[in-house]
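Novice: Just need the structure, nothing else, for what follows:
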Amino acid sequence: MKPKVDAIINECKTILERLENVETILLGEAAEIEVYDPNFIIDMDVFYQGELPPAAGRAELFGNPPVFETSPVNPVDRFLDRDLPVIIYYKELTRVDHIFRRIEEQKWIFRKETTNMLYRLKHGQVLFGRKGWIDEIRKHFDTMPLSFWKNIIDSCMFLIEHYLREINVSIFTENYLLYQNALSCFIESVCSCVFALNRQFEPSPRVLYERLCSLDILPEEFLNRFEILFNPKKGFSPERKGEVATLIAKSLIPMRLE
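Specialist: Residues are numbered from 1 along each chain as shown. Purely as a prediction, here's the structure:
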């Protein structure tokens, strides 16, 4: 099956690099998984400047596959090629340049977004680079200032405290839609905080928990408590999850970077 995967990757690369405004093509790590694993997907990040062909034009580039979906907001194409899933994320160079400029200026960047885009920039396999832009970008990863991580942690702690209040209010008022939303956002904020404490970018949600378990810096009893929040097989009540979320929040407070 590997030759088939490699053939699809090379064909997509050849098609995309013909676009003059495409600077860099990166291959995500999900393409390295066995094709029979549900997590397998051929995922690419395409960094460009200027204008992309419209969705219909991009579909035509790939031979008008029978299953072709695209996002009307951010250009993301999904399709099947020889029955294997392909997803292509298109990202403007100026957006990446802006992020690193903000980092150098020690200004806040992400708001609610995770650092996964930086993870993909750092770890993605380079399939194509036109002018060496990716090499210059990757040099920034060797000099990430402490302020970058501190800003992420401080912002995450603010969100953790906010969503913890939402969890407790929703339990008291029996507003379980609010509860589910607040719990999900709390979990996401905790993950972002813990990865930042370890000065690591966040991988795909598909492997997030696996990588979380391997981090060196974790609060005491963190993994056992954290699994209570998201694993339905544990069978804990919302009230108990609220108590556990409070313990997790308290355990993170003294770990902020100075």
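Novice: Next, give phi and psi for Ile42.
Specialist: Per-residue torsions, Ile42: phi -90, psi 100 (degrees, to the nearest 10).
Novice: Contacts only, for Phe186.
Specialist: 159-160, 163-164, 166-167, 229, 245 (CB atoms under 8 Å, 6 or more residues apart in numbering). No exception for glycine: its C-beta is placed from N, CA and C like everyone else's.
Novice: from the residues you listed, which two are the most distant?
Specialist: For these, the farthest-apart pair by CB to CB is Leu159 and Leu229; their separation is 15.0 Å.
Novice: I'd assumed Thr70 was in contact with Ala55.
Specialist: Yes: taking CB atoms under 8 Å as the definition, Ala55 is a contact partner of Thr70 at 4.4 Å.
Novice: For these two, indicate the residue with more neighbours.
Specialist: The residue with more neighbours, out of Ala55 and Thr70, is Thr70; 18 against 15, by other CB atoms under 10 Å.
Novice: Return the distance of Ile253 relative to Leu164.
Specialist: Using CB to CB, to the nearest Å, Ile253 is found at 11 Å from Leu164.
Novice: quick revisit: could you name every residue contacting both of Ala55 and Thr70?
Specialist: Joint contacts of Ala55 and Thr70 (CB under 8 Å, 6+ apart) are Asp77.
Novice: all strands for the stretch 101-250 of the chain, in order.
Specialist: 125-129 (DSSP state E, counting those that start in this stretch).
Novice: show me where pLDDT drops low in it?
Specialist: 108-113 (pLDDT under 70).
Novice: For the spatially most central residue of the chain, which non-adjacent residue is spatially closest?
Specialist: Closest residue to the average C-alpha location of the chain: Asn116 at 3.1 Å, with CA atoms, centre = their mean. Sequence neighbours aside, Glu202 is the residue nearest to Asn116 in space, at 5.0 Å (criterion: CB to CB, 6 or more residues apart in numbering).
Novice: next one: Leu80
Specialist: Val67 (4.7 Å).
Novice: I figured that neighbour was touching Arg82, is that so?
Specialist: No: using CB under 8 Å, Val67 makes no contact with Arg82, being 11.8 Å away.
Novice: who's in contact with the residue nearest to Leu80?
Specialist: Here Val67 is in contact with 78-80 (criterion: CB under 8 Å, 6+ apart).
Novice: who touches the residue nearest to the centre of the chain in this structure?
Specialist: By CB under 8 Å, 6+ apart, the neighbours of Asn116 are 201-204.
Novice: same deal with Leu247?
Specialist: 221, 225 are the contacts of Leu247 under CB under 8 Å, 6+ apart.
Novice: Ok, Ala30 next?
Specialist: 39-43, 204, 206.
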